[in-house]
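>>> Here you go, sequence then predicted model.
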Amino acid sequence: MTTVLGIETSCDETAAAVVVDGRDVLSNVVSSQVDLHARYGGVVPEIAGRAHESLLTPVVAEAMVEAGVTSHDIDVVAATRGPGLIGSLLIGVSAAKALSLGWNVPFIGINHHEAHLYAALLEEPELEFPLLVMLVSGGHTMLIEFQAHGRYRLLGATVDDAAGEAFDKVARYLGLGYPGGPAIDELSQQGDPQAIKFTPPMRNDGLDFSFSGLKTAVVNYVRQHPDVETADVAASFQAAVVDVLTHKAQRAAREIGATGICLAGGVAANSELREKVLDICVEDGIQGFLPSRAMCTDNAAMVAATAWWRMDSDGPSPLDLGADPSLKLPFIDS
Amino acid sequence: MLVLGIETATPQVGVAIGGHEGVIASFHTARDRRHAETLAPAIQFLCAQTRIDLNEIGVVAVDIGPGLFTGLRVGLATAKALAHACKIPMIGISSLDLAAFPARFSDRLIVSTVDARRGEIFYATYRRTAGGIQRISEPRVDQPDNVANQLTAQGEDCLVVGDGAQRYAETFQILRGVEIGEEGFRYPNAGSLVELAHPRALREEFVSSSEIEPLYLRAPDARINWQKRERS
Ligand SMILES: [Zn+2]
């Protein structure tokens, strides 16, 4: 039995969790800074750094108390080392290394994207490979073939804005505040998704995505139709994003003969996307794995779970490991 | 009581261990600003070479700034996590106190500085006392010219130390009665941190990790980093 303390500070959530053997979540504490950044309409790195510095130790202490463990029970300390905001990442990595020194246990640095991929596995240990993972967040939009533990192939990615970024920018334009994803999701419930026909670029073209043109289309439409119901715009925009995401996910899943489709990343909390992904899975007779909303957004349980797998394949990281703000997933060539 | 000192508020990374016999071991490097990469191995190295187990440390002392924000937080995150792991208290000491400490044998007014970038310096003034130094002004951030004018107005002989003084040497050199500290006074020293913290530790003037607050002296720059953002 291996008990891992995971730490996540890559962006604007300060998080710590205790997970046993990559699947039993004993605690999963997330302290969100979203209110600190909301008035700026985005994450301010220096404000994030200051908040992580003051919150991290209390969050770690809380995760251990909630898990009912003491320092003697922790076998490994893991922290996200990238990608993300460098100043934020360094706080989690530094604290994790110090805890590993103090407790005399191994330290391991974790790739934040890989952690998102493992979030689904954490809740559904019986997944069978190959899987099609759609990682959709504020920073990325990727279709990934998950072939085996640690084996990933990139099938498609955004050529400009990430899906979550499009949600944020459209929400900002519509005056819905920050973060944009939940705001648009909520308002869309009252709107007509058929009201306006927005078509994202590259819909029938390969497995890559493009969202910046869609954002421009929304802005142009609202300028030309100032009396349009904001709820209809939100619902129609969301429908277009979800349509292109699910359309390409379905094609990708068929191409690789996937046993199922997994959602990962913050945008995976979108209710319309969750519903439509389940629809295509039913249509194609494959499994659909939707992590709980808490497991879609940034958290440390997914970091601790990934660490359990990575300790098995790679072993611990050296203590001189730094953070890497643009760390990539270790993709294999096709 | 053994004190572990951690100092990362400037381009330098410093670690020292000491106790009643003074500084037992110390490590400093000012190359490439690799604070996060260097700090944990440096602590491990010092413990191994002195054969001191981290569990024998009684208190963690840390430089709370002012200084480089990211470097400062690497030190604070490390120090707080170590204090949590080893269940020991902490002592926070300002980088300006540390930069002033080696100048404690001067009879001049000591002006301690830390380069604040963007054309400014962090500074505070100190005076020699029987046991060491005493701070006589609150830490502030200002342009070197303004600090220089203030010193001229005061008309007292001073010794200006720290990397702020080194960087703006031309501004301070021309002032009457002002001497600039030599290179050895450039960065706050982890050994000074241990020496200043030890008597305070004996008097039990320590706090828990949640009570240690960095001295930023500047509001956060509220620019959004759209490129580097990864909100998900
Ligand atoms: Zn994320």
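That came through, no problem. Numbering: from 1, shown residues only, chains lettered A, B, ... in the order given.

>>> pLDDT weak spots in the stretch 201-334 of chain A?
A:334 (pLDDT under 70).

>>> so where do the strands sit in it?
Using DSSP state E, counting those that start in this stretch, the strands of the stretch 201-334 of chain A run over residues A:260-264, A:287-289.

>>> For the longest one, which strands pair with it and how are they oriented?
Take DSSP bridges as the rule and strand A:260-264 pairs in its sheet with strand A:131-136 (parallel), strand A:287-289 (parallel).

>>> Ok, which of the ones you listed comes nearest residue B:23?
Set against residue B:23 and scored by C-beta to C-beta, those come closest in strand A:131-136, at 49.9 Å. Every residue, glycine included, has its C-beta placed from N, CA and C.

>>> Grab the longest helix from chain A for me.
The residue-count maximum for a helix in chain A (DSSP state H) belongs to helix A:230-256.

>>> picking up where we left off before, relative to the ion, which of the strands paired with strand A:260-264 is closest?
Using C-beta to the ion as the measure, strand A:131-136 is the one of the strands paired with strand A:260-264 that comes nearest the ion, at 8.7 Å.

>>> Can you tell me which of the strands paired with strand A:260-264 is most buried?
strand A:131-136 (a mean of 28; mean count of other C-beta atoms under 10 Å in any protein chain shown).

>>> If I take that strand and helix A:230-256, what angle do their directions form?
150 degrees (axes from the mean of the first three to the mean of the last three C-alpha atoms, to 10 degrees).

>>> model confidence over strand A:131-136, on average?
The average pLDDT for strand A:131-136 rounds to 96.

>>> What separation is there between residue B:203 and residue B:190?
21 Å (C-beta to C-beta, to the nearest Å).

>>> who has more neighbours, the two?
Ranked by neighbour count (other C-beta atoms under 10 Å in any protein chain shown), residue B:203 and residue B:190 place residue B:190 first, with 32 against 8.

>>> Touching, that one and residue B:28? I think so.
Yes: here residue B:190 reaches residue B:28: they are 6.6 Å apart, a contact under C-beta atoms under 8 Å.

>>> so what sits against both of the two?
B:14, B:15 (C-beta atoms under 8 Å, 6 or more residues apart in numbering or on different chains).

>>> Show me what the longest helix of chain A is packed against.
Using 3 or more C-beta pairs under 8 Å, 6 or more residues apart in numbering or on different chains; DSSP states H and E, the elements in contact with helix A:230-256 are strand A:131-136, strand A:141-148, strand A:151-157, helix A:163-173, helix A:180-188, helix A:212-224, strand A:260-264, helix A:271-284.

>>> just the strands in chain B please.
Ranges of strands in chain B, per DSSP state E, are B:2-7, B:13-19, B:22-29, B:57-63, B:90-93, B:109-115, B:121-129, B:132-135, B:140-142, B:158-161, B:178-180.

>>> How about the stretch 1-150 of chain A?
For the stretch 1-150 of chain A, strands defined by DSSP E, counting those that start in this stretch occupy the ranges A:3-8, A:13-20, A:24-32, A:76-82, A:107-111, A:131-136, A:141-148.

>>> And the average pLDDT for the fourth one is what?
Per-residue confidence for strand A:76-82 averages out to 98 on the pLDDT scale.

>>> Tell me how many other residues surround residue A:320.
With neighbours defined by other C-beta under 10 Å, the count for residue A:320 comes to 15.

>>> Distance to the ion, mean neighbour count and mean pLDDT added to the strands of chain B, as JSON lines?
Shown next, in JSON lines, are the strands of chain B (distance: least, C-beta to the ion, whole Å; neighbours: other C-beta atoms under 10 Å in any protein chain shown; pLDDT from 0 to 100):
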{"stretch": "strand B:2-7", "distance to the ion": "30", "mean neighbour count": "28", "mean pLDDT": "98"}
{"stretch": "strand B:13-19", "distance to the ion": "30", "mean neighbour count": "26", "mean pLDDT": "97"}
{"stretch": "strand B:22-29", "distance to the ion": "33", "mean neighbour count": "16", "mean pLDDT": "96"}
{"stretch": "strand B:57-63", "distance to the ion": "30", "mean neighbour count": "26", "mean pLDDT": "98"}
{"stretch": "strand B:90-93", "distance to the ion": "31", "mean neighbour count": "23", "mean pLDDT": "98"}
{"stretch": "strand B:109-115", "distance to the ion": "35", "mean neighbour count": "28", "mean pLDDT": "96"}
{"stretch": "strand B:121-129", "distance to the ion": "35", "mean neighbour count": "22", "mean pLDDT": "96"}
{"stretch": "strand B:132-135", "distance to the ion": "44", "mean neighbour count": "17", "mean pLDDT": "93"}
{"stretch": "strand B:140-142", "distance to the ion": "35", "mean neighbour count": "17", "mean pLDDT": "97"}
{"stretch": "strand B:158-161", "distance to the ion": "45", "mean neighbour count": "25", "mean pLDDT": "96"}
{"stretch": "strand B:178-180", "distance to the ion": "48", "mean neighbour count": "20", "mean pLDDT": "93"}
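
>>> Tabulate those strands (JSON lines), appending distance to residue A:154.
Formatted as JSON lines, these follow (distance: least, C-beta to C-beta, whole Å):
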{"stretch": "strand B:2-7", "distance to residue A:154": "41"}
{"stretch": "strand B:13-19", "distance to residue A:154": "37"}
{"stretch": "strand B:22-29", "distance to residue A:154": "39"}
{"stretch": "strand B:57-63", "distance to residue A:154": "42"}
{"stretch": "strand B:90-93", "distance to residue A:154": "45"}
{"stretch": "strand B:109-115", "distance to residue A:154": "43"}
{"stretch": "strand B:121-129", "distance to residue A:154": "46"}
{"stretch": "strand B:132-135", "distance to residue A:154": "56"}
{"stretch": "strand B:140-142", "distance to residue A:154": "46"}
{"stretch": "strand B:158-161", "distance to residue A:154": "54"}
{"stretch": "strand B:178-180", "distance to residue A:154": "56"}
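
>>> TSV please, covering those and showing distance to chain A.
Converted to TSV, these look like this (distance: least, C-beta to the nearest C-beta, whole Å):
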stretch	distance to chain A
strand B:2-7	9
strand B:13-19	11
strand B:22-29	12
strand B:57-63	9
strand B:90-93	10
strand B:109-115	18
strand B:121-129	16
strand B:132-135	24
strand B:140-142	15
strand B:158-161	27
strand B:178-180	31
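
>>> residues in contact with residue 117?
In the absence of a named chain, chain A is used. A:133, A:135, A:144, A:146, A:152, A:262, A:264, A:306, A:329.

>>> To clarify, I was referring to chain B.
Counting by C-beta under 8 Å, 6+ apart, the residues that residue B:117 touches are residue B:68.

>>> any idea of the pLDDT on it?
93.

>>> ok, residue B:186 to residue B:95 distance?
Taking C-beta to C-beta as the measure, residue B:186 falls 12 Å from residue B:95.

>>> If you count surrounding residues, which of these two has more?
More crowded of residue B:186 and residue B:95, by other C-beta under 10 Å: residue B:95, with 30 against 21.

>>> Settle this for me: the more buried one is touching residue B:67, isn't it.
Yes: using C-beta under 8 Å, residue B:95 is in contact with residue B:67, at 5.0 Å.

>>> before we move on, the earlier item: export the strands of the stretch 1-150 of chain A to TSV and tack on distance to the ion?
Listed next are the strands of the stretch 1-150 of chain A as TSV, based on distance: least, C-beta to the ion, whole Å:
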stretch	distance to the ion
strand A:3-8	8
strand A:13-20	8
strand A:24-32	12
strand A:76-82	9
strand A:107-111	11
strand A:131-136	9
strand A:141-148	12
